[in-house]
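Asker: with the sequence up front, the predicted model follows.
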Amino acid sequence: MSGVEKAEVNFQASTITVIGSVTKEEVEKEGSFENLKLYQEDEEIETTSLWNSPTTWKTILSGLLLVMGFVFHGLHGEGTLAIFFYASSMAIGGYRLFLQGLKNLSKARFDMKTLMTIAVIGAAIIGEWGEGAVVVFLFAISQMLETYSMERARKSISSLFEHTPKMARARRNNSWVDVNVNELSVGEVVMIRPGEKVTVDGNVLKGASSINQAAITGESIPVEKQIGDVVFAGTLNEEGQLEVEITKRNEDSTLSKMMKLVEEAQSKRASAEAFIDRFAKVYTPIIIFIAILVAIIPPLAFGGNWSVWIYQGLAVLVVGCPCALVISTPVSIVTALGTAARNGILIKGGIHLEEAGRIKAIAFDKTGTLTKGKPEVTNVWISEGVDEAKSLEIISSLEQNSKHPLAVAVVKYAEDKIGQSKVEVTDFESITGKGIVGTIEETIYYVGSEAYIKQVSSLSVEAEETIQQMKREAKTVVILATKERVLGLMALADSVREESKSLIKSLHKLGVQETILLTGDHEASANVIAKQVGMTNVKANLLPDEKVSYVQSIREKGSHVAMIGDGVNDAAALATANVGVAMGGAGSDVALETADIVFMKDDLAKLPFTIQLSRKARSIIKQNITLSLVLKLVALLLVIPGWLTLWIAIIADMGATLLVTLNGLRLLKKNKE
């Protein structure tokens, strides 16, 4: 349209960028896209649920009309009423398909829609209205699911905004006022109270706290923040009050960059081509060409009867009618998707199922994917002469007053060992960023980090050696001490899921050549986990954009790669991979919406099963295509002596359709072992 200098459309992110002198209203009025409506970036977007979608109701109506057609067909034969219902089902469920298919034919473009259009026209010509209606209905279902998946993918990007507050408490004119985060400038100071999400990227100016920054870095244990440390928008302030000097405007924050990364990754990811589409490009023009040759060569070259050979040409077109080929893919895919769903695996479309079987490299996030995503006590060391049960009772009593994840893990461990502590604590104090102190039976006890305990007590040589050993194993140490001595210590770590080690072995047996650990956590922790589960490669200290770059580098080598993750920081990498897989139980909304496949119960053992199911589905699709082609080839050989009739063509087509349907249903037997 005039006035437009440049336009870019990102269907995955549901965005259109227009550069030029046109208005929003003019772009909407142009009508290049159906029901196009533009919104401001921060404006609430109207969304339609699956059951309120016009596509869904058209599909349901198409299905009901198809059922009515079957009923009247069964009662009265394929008479006028049955044909009316079949034709109505095809018109409602497939009018867009026909329009696109005819347009493709006029431009000699051959894909699934072209193949479908020829199949339906062929079915109508030979009087198989019911078969044509079934083909259209199956296609309508796949379109409905694809539309729904696209809508969910678009929501994934907008849901990222939920991770940052819209308002911040900023200091202006020596007082604290609420300000929209988009109006804040670099250099201003904002206040973050305990329990609030950090509103900006910046440096701590005043105060100390522990920050849960799993959303950005994937670290499972909160990070202590002191004056001068960097904090990120969207992370959670757990304990102390902070004053933060802004270093980046809202649109330039790390979380905003993550949003842009997801959009860019989804727009750049080349749409994988389904096997049937690749096949249609070759098959369809060949059949049309053969039919034309059969109709015109004998009369022109050998003086044959035009009407006889045009009939033969039509019979070739009918026997070549790709109903069996068209049904071979959806019946296999729908059956496989149903089998996956029964096993707790949500696959958001047939193309993702097909792609899963081609995976040669798999990148895993650490926290919440290979690990449980929360700290657990792994080691307990007690000083000589100290009663272990008494020490557990003391530390449990003190930590019960804290909500820190480490404290929760310590209390759980102690209660599992000795039951709930009933010791009374007085003069309790939480020292943000360091630890806690309290009095029990007139003795002052301290619980905290190595640095804090060194300030208030002294470490024995044996305690020091134990602490250093735990650090080498990438574990976090919590120490219990009095003013005189250390009583004991606990080492905590994010524990590996029980199934992780056997999973990696299974994947390697399936022919997956590379298993990579991608994490924002520090290198020592990443190496420990990777060694435990048997990964082939490790990349640590990665920010979201670095995860994207690494996944992209694998793709550029020509390898099909899957990304397995559960956090906001994994979303862009999930969108970049050939197949993105999210953990349904522990996963963030953003990861779940962005992923192509979701494991609903956080069971990693479903990954090998998914790959096996995909490979079996791909194998059956190829078997079906081969089977239908052999039957059609036999029928086509009857053209040579002139024996091919429309009835033989119809029987060949119906037989092929029945056989590929039964073969596709074998996928129902594929169950998780």
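Answerer: Done, it's in.

Asker: any idea how far the most far-flung residue of the chain relative to its centre is from residue 309?
Answerer: No residue in the chain sits farther from the centre than residue 303, which is 62.3 Å out by Cα atoms, centre = their mean. Here residue 303 is placed at a distance of 11 Å from residue 309 (Cβ to Cβ, to the nearest Å). Every C-beta, even on glycine, is put in place using the N, C-alpha and C of the backbone.

Asker: likewise for residue 427?
Answerer: Relative to residue 309, and taking Cβ to Cβ, residue 427 is found at 104 Å.

Asker: more crowded one of those two?
Answerer: residue 309 (20 against 9; other Cβ atoms under 10 Å).

Asker: just give the nearest non-adjacent residue to that one, would you?
Answerer: With sequence-adjacent residues excluded and distances taken as Cβ to Cβ, 6 or more residues apart in numbering, residue 309 is closest to residue 298, at 4.7 Å.

Asker: for the one you found, give its distance to residue 290.
Answerer: 13 Å.

Asker: ok, now residue 301?
Answerer: From residue 301 to residue 290 the distance is 16 Å (Cβ to Cβ).

Asker: which one of the two has more residues nearby?
Answerer: residue 290 (16 against 8).

Asker: now the residue nearest to the more buried one when sequence neighbours are not counted: which helix or strand?
Answerer: Leaving aside its sequence neighbours, residue 290 sits nearest to residue 316 (Cβ to Cβ, 6+ apart; 5.8 Å). Secondary-structure assignment from DSSP states H and E places residue 316 in helix 306-319.

Asker: could you give the mean pLDDT of that helix?
Answerer: Throughout helix 306-319, pLDDT has a mean value of 72.

Asker: now do the helix or strand following it: which elements does it pack against?
Answerer: Using DSSP H and E, the helix or strand that follows helix 306-319 towards the C-terminus is helix 323-342. Packing contacts for helix 323-342, counted by 3 or more Cβ pairs under 8 Å, 6 or more residues apart in numbering; DSSP states H and E, involve helix 112-125, helix 129-159, helix 275-302, strand 345-347, helix 350-356, helix 606-637, helix 646-664.

Asker: try 6 Å
Answerer: helix 112-125, helix 129-159, helix 606-637, helix 646-664 (3 or more Cβ pairs under 6 Å, 6 or more residues apart in numbering; DSSP states H and E).

Asker: what angle separates that helix from helix 606-637?
Answerer: 170 degrees (axes from the mean of the first three to the mean of the last three Cα atoms, to 10 degrees).

Asker: now helix 323-342, how far from the chain's geometric center?
Answerer: 21 Å (Cα atoms, centre = their mean, to the nearest Å).

Asker: give the buried residues for stretch 372-381.
Answerer: 372, 373, 374, 375, 377, 378, 380, 381 (16 or more other Cβ atoms under 10 Å).

Asker: now do stretch 551-559
Answerer: 551, 552, 554, 555.

Asker: using the three-state scheme, assign the last one.
Answerer: Meaning residue 555. helix (DSSP: H, G, I helix; E, B strand; the rest coil).

Asker: for the nearest residue to it once chain neighbours are set aside, list each beta-bridge partner.
Answerer: Nearest residue to residue 555 in three dimensions, chain neighbours excluded: residue 561, at 5.8 Å (Cβ to Cβ, 6+ apart). Applying DSSP bridges to residue 561 gives these bridge partners: residue 361.
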